[in-house]
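Visitor: Quick one: sequence and predicted model below, then my questions.
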Amino acid sequence: MKYLALLLGGALAFTACSKDDSEVKEEKKDNSVNVDNSRPGDKNSSKPVAPKKKVLDLISKIETYSGPRQEPIKTEIFSYDSQKRLVGISSTEPRYFTQPPMIGKGIYSKSEYVLQQEGHDSKQTITPEWKATLSLDGQGRAAKFVYESAIAAVPDRIRTPYVHLHDQFVYDKDGHLTSWFNHNRHWIVNIAWTNGNMSEIRLNDVKEHVNHLHMRSSYSTLPNKTLPDLNLYLIRSFLFEHCVRFWPDQFGLRSDYLVSKMTIYFNEEPLTPENITYKLDAKGRPIEVLNVGANNWTYKYVISYVNN
């Protein structure tokens, strides 16, 4: 995912898919299973049966570690209302910030979703506030997305307004998002879907009429039914900033299965793929995820659920 940050710098990137087979091995010690989904998709393999609609598994906490020493870089705690909508986020990033957790709150109406984080200052750093507003159409789908942030720098501590606008959302007959327009980057983003999963993402610069970047992914046979959406969390997508993972169904971006391999192409040349494996609990839910990329750099995610 480091490539996404370097190449896009906070813009849009996303995943894609071809189906993978999976190997499941039981572990006797902790009654969990390890799942190896790192093999590339077999074009001749049969299509998996799409999972039936199920109640989402609500994630209560995600701890992120990185590097050879697996240093802690982020912890997020989530809370939900009676309708299983995200209403609270508490986020700490020990590598970057020493002040109290950053707190985000979700507010919902029939036509609009709002997620807002209040910033705060300390003597050493400034944590910027941000606000994400998702306007819905008559079918409850994304119609317009606005992300507002106040970027601040030390030592002058002046906050500079920053606004991103995304609209012109287009959906297919199954409700999957297939394209939209990023006004700030002047990009049309196109998404292809195959077997219920995103098969390719392409960024098209309408000013320069070029397509330098696209992304493809392979998928496991593990159902994708968590909130936040683990696929979007693992991709560390800069799509609609980081809020998309909290509203995947409204954006039409939830794939049927969990991603197992991601490859970014720059000028049609593939970069080092990222391979993802999962460790499951006795209920079949991911409780540990490893994302291994270039030079074996590894991100590890440890996941807890509301109902353990």
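Guide: Nice, thanks for sending it over. On a predicted model such as this, the values are computed, not experimentally measured, just so you know.

Visitor: Report the helix or strand with the lowest average pLDDT across this structure.
Guide: Of all the helices and strands that make up the chain, strand 23-26 has the lowest average by mean pLDDT, DSSP states H and E, namely a mean of 33.

Visitor: I'd like the distance from the closest residue to I89 other than its chain neighbours to N211, if you could.
Guide: Nearest residue to I89 in three dimensions, chain neighbours excluded: G104, at 3.7 Å (Cβ to Cβ, 6 or more residues apart in numbering). In short, each C-beta sits where N, CA and C put it, glycine included. Separation of G104 from N211 (Cβ to Cβ, to the nearest Å) stands at 34 Å.

Visitor: more neighbours, these two?
Guide: Looking at G104 and N211 with other Cβ atoms under 10 Å, you find the greater number of neighbours at G104, namely 23 against 16.

Visitor: Look up how far H212 lies from that one.
Guide: Summarising the geometry, the distance separating G104 from H212, computed by Cβ to Cβ, is 33 Å.

Visitor: Quickly list what the residue nearest to I89 is bridged to.
Guide: Beta-bridge pairing for G104 (DSSP bridges): I89, Q117.

Visitor: Thought S91 was touching it, still the case?
Guide: Yes - the pair formed by G104 and S91 meets the contact definition of Cβ atoms under 8 Å, at 7.1 Å.

Visitor: In this protein, where is pLDDT below threshold?
Guide: 1-54, 95-99, 119-128, 151-159, 236-242 (pLDDT under 70).

Visitor: Quick check, central residue of it?
Guide: To find the centre residue of the chain, average its C-alpha atoms and take the closest one (Cα atoms, centre = their mean): that gives L232, at 2.0 Å.

Visitor: how about that residue, phi and psi?
Guide: L232 has phi and psi values of phi -70, psi -30 when expressed as degrees, to the nearest 10.

Visitor: Not including adjacent chain positions, what is the nearest residue to it?
Guide: R245 is the one closest to L232 (Cβ to Cβ, 6+ apart), at 3.8 Å.

Visitor: Then N211?
Guide: Here the nearest residue to N211 in space, its sequence neighbours aside, is N204; by Cβ to Cβ, 6+ apart that works out to 5.2 Å.

Visitor: What pairs with whichever strand or helix holds the one you found, parallel or antiparallel?
Guide: Assignment of secondary structure by DSSP states H and E places N204 within strand 197-205. Partner strands for strand 197-205, per DSSP bridges, with pairing direction: strand 187-194 (antiparallel), strand 210-223 (antiparallel).

Visitor: can you give me the helices for this structure?
Guide: Defined through DSSP state H, the helices belonging to the chain, from first to last, are 2-8, 230-234, 248-251.

Visitor: Tell me which other helices or strands the shortest one touches.
Guide: Judged by 3 or more Cβ pairs under 8 Å, 6 or more residues apart in numbering; DSSP states H and E, helix 248-251 is in contact with strand 130-136.

Visitor: Nearest spatial neighbour of V206, chain-adjacent residues omitted?
Guide: By the measure of Cβ to Cβ, 6+ apart, the closest residue to V206 outside its immediate chain neighbours is H186, 5.2 Å from it.

Visitor: State the number of residues packed around that neighbour.
Guide: Using other Cβ under 10 Å as the criterion, H186 is surrounded by 12 other residues.

Visitor: Any figure for the gap between it and V210?
Guide: H186 sits 11 Å away from V210, going by Cβ to Cβ.

Visitor: now swap in N307 and tell me
Guide: Here the criterion is Cβ to Cβ. By it, N307 lies 48 Å from V210.

Visitor: Y265 too?
Guide: Relative to V210, Y265 is positioned 13 Å away (Cβ to Cβ).

Visitor: between the two, which one's more packed in?
Guide: Set side by side, Y265 and V210 give different neighbour counts by other Cβ under 10 Å, the larger being at Y265 (16 against 11).

Visitor: Enumerate every residue touching D167.
Guide: Neighbour list for D167: 143-145, 180-181, 183 [criterion: Cβ atoms under 8 Å, 6 or more residues apart in numbering].
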